[in-house]
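Peer 1: Structure for this input, please:
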Amino acid sequence: MNTEIFKQMSNADINTIIDGSQPFVKLMTYYGCALREVETKLQVLNDEFKLTHDRNPIESIKSRIKTPQSIVDKLERRGIEANVSNPEEYIRTIERELFDIAGIRVICAFPDDIYKLAEQLISQDDITLIRTKDYILSPKPNGYRSLHLIISVPVFFSQQKRDMKVEVQIRTIAMDFWASLEHQIKYKREIPDQENIVAKLKACADDIARIDGEMMEIHRQLEASENRERQEDNLLSMLRKLDTPIS
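Peer 2: Take a look at the predicted model:
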């Protein structure tokens, strides 16, 4: 883990806790290893799906670990101040309070793929599902849609095993495009005609959900047609064998 990222923090007290803190460096390393574990699992599921369905459900996988400043800011919003006098206790607080330090975003083609992939991931015997937030069935008021899973995955080191929490967000290409634009707008300080833009974004989110559903239905029809053709080919092949004259 590169400790240079810790030096980006502006608050001197936070630097005292984080910068060069061996427990923090270890914790971030553990989270990085957990991300690799979960990403590998997702890649394996994607490869297996390709074998059985002749396509990949996953378009892309992106992972990230929260920056030290982001971690501290989130704890402060919860009323937990940086503890300069006891850095190690503060590190334990970080691990106990925050479930989204390590995050993976999985982009799928169709809404069906989201739920199939989530089910396959959490059914693995070494994965523990801690929490689910389904913003697809129940979108946020602004129109945001995505499936969020908080899971725990064991990471094996030379002398210990640690169960690490990872947040997995699964969404379609269209949902991700919308979320990226909404994120950019949210962090702009001054937006002219903000109410109108928010209303347009909400309308776009609803349109995207409708289009996602229609595209998924088209895909289902195509798959059903392909399955019928395969069944007909198999039947014809069997009939030809039966029609072979006995010598």
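Peer 1: Who are the packing partners of the longest helix belonging to the chain?
Peer 2: For the chain, the helix with the greatest residue count under DSSP state H is helix 194-242. Counting by 3 or more CB pairs under 8 Å, 6 or more residues apart in numbering; DSSP states H and E, the packing neighbours recorded for helix 194-242 are helix 111-122, helix 173-186. In short, each C-beta sits where N, CA and C put it, glycine included.
Peer 1: Return the distance of that helix from the chain's centre.
Peer 2: Computed by CA atoms, centre = their mean, to the nearest Å, the chain-centroid distance of helix 194-242 equals 23 Å.
Peer 1: Count the neighbours of Ile191 for me.
Peer 2: Burial of Ile191 is recorded as 12 neighbouring residues (other CB atoms under 10 Å).
Peer 1: Now do the SS call for it.
Peer 2: coil (DSSP: H, G, I helix; E, B strand; the rest coil).
Peer 1: what sits against it?
Peer 2: Contact analysis of Ile191 by CB atoms under 8 Å, 6 or more residues apart in numbering lists 185, 197.
Peer 1: what about it, distance to Glu214?
Peer 2: Distance, Ile191 to Glu214, by CB to CB, to the nearest Å: 31 Å.
Peer 1: I'd like to check the angle between the longest helix of the chain and helix 111-122, please.
Peer 2: 80 degrees (axes from the mean of the first three to the mean of the last three CA atoms, to 10 degrees).
Peer 1: Mind telling me which of the helices and strands packed on helix 194-242 the model trusts least?
Peer 2: Ranked by mean pLDDT, the helices and strands packed on helix 194-242 end with helix 173-186 at the bottom, a mean of 90.
Peer 1: Buried residues in that one, which are they?
Peer 2: Neighbour counts over helix 173-186 (16 or more other CB atoms under 10 Å) mark 173-176, 178-179, 182 as buried.
Peer 1: Go ahead and name everything in contact with it.
Peer 2: Here helix 173-186 makes contact (CB under 8 Å, 6+ apart) with 59, 105, 107-109, 136, 142-146, 171, 191, 197, 201, 204-205, 208, 211-212.
Peer 1: Apply 10 Å and report the result again.
Peer 2: Residues outside helix 173-186 that contact it (CB atoms under 10 Å, 6 or more residues apart in numbering) are 59-60, 62, 105-111, 114, 135-136, 139-140, 142-147, 169-172, 191, 194, 197-198, 201-202, 204-205, 207-209, 211-212, 215.
Peer 1: where does the residue lying closest to Ile197 once chain neighbours are set aside land on pLDDT?
Peer 2: Nearest non-adjacent residue to Ile197, counting by CB to CB, 6 or more residues apart in numbering: Ile191, 6.2 Å away. We have a pLDDT of 71 for Ile191.
Peer 1: same thing with Asp19?
Peer 2: 52.
Peer 1: which ones are touching the residue nearest the centre of the chain?
Peer 2: In the chain, the residue lying closest to the centroid (CA atoms, centre = their mean) is Gln169, at 2.5 Å. Neighbouring residues of Gln169 by CB under 10 Å, 6+ apart: 62, 100, 103-107, 114, 133, 135, 146-149, 175-176, 179.
Peer 1: Among the buried residues of helix 173-186, which one lies nearest to Ser123?
Peer 2: Closest approach to Ser123 among the buried residues of helix 173-186 (CB to CB): Met175, at 23.4 Å.
Peer 1: Leu181 versus that closest one, what's the distance?
Peer 2: Plainly put, Met175 is 11 Å away from Leu181 if you go by CB to CB.
Peer 1: And Leu35, by the same measure?
Peer 2: Noted for Leu35: a distance of 25 Å to Leu181, by CB to CB.
Peer 1: before we move on, the earlier item: buried ones only from the contacts of Gln169, please, as a ChimeraX command.
Peer 2: Here is the ChimeraX selection string for the buried members of these, based on 16+ other CB under 10 Å:
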select :100,103,104,105,106,107,114,135,146,147,148,149,175,176,179
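Peer 1: No further questions, thank you.
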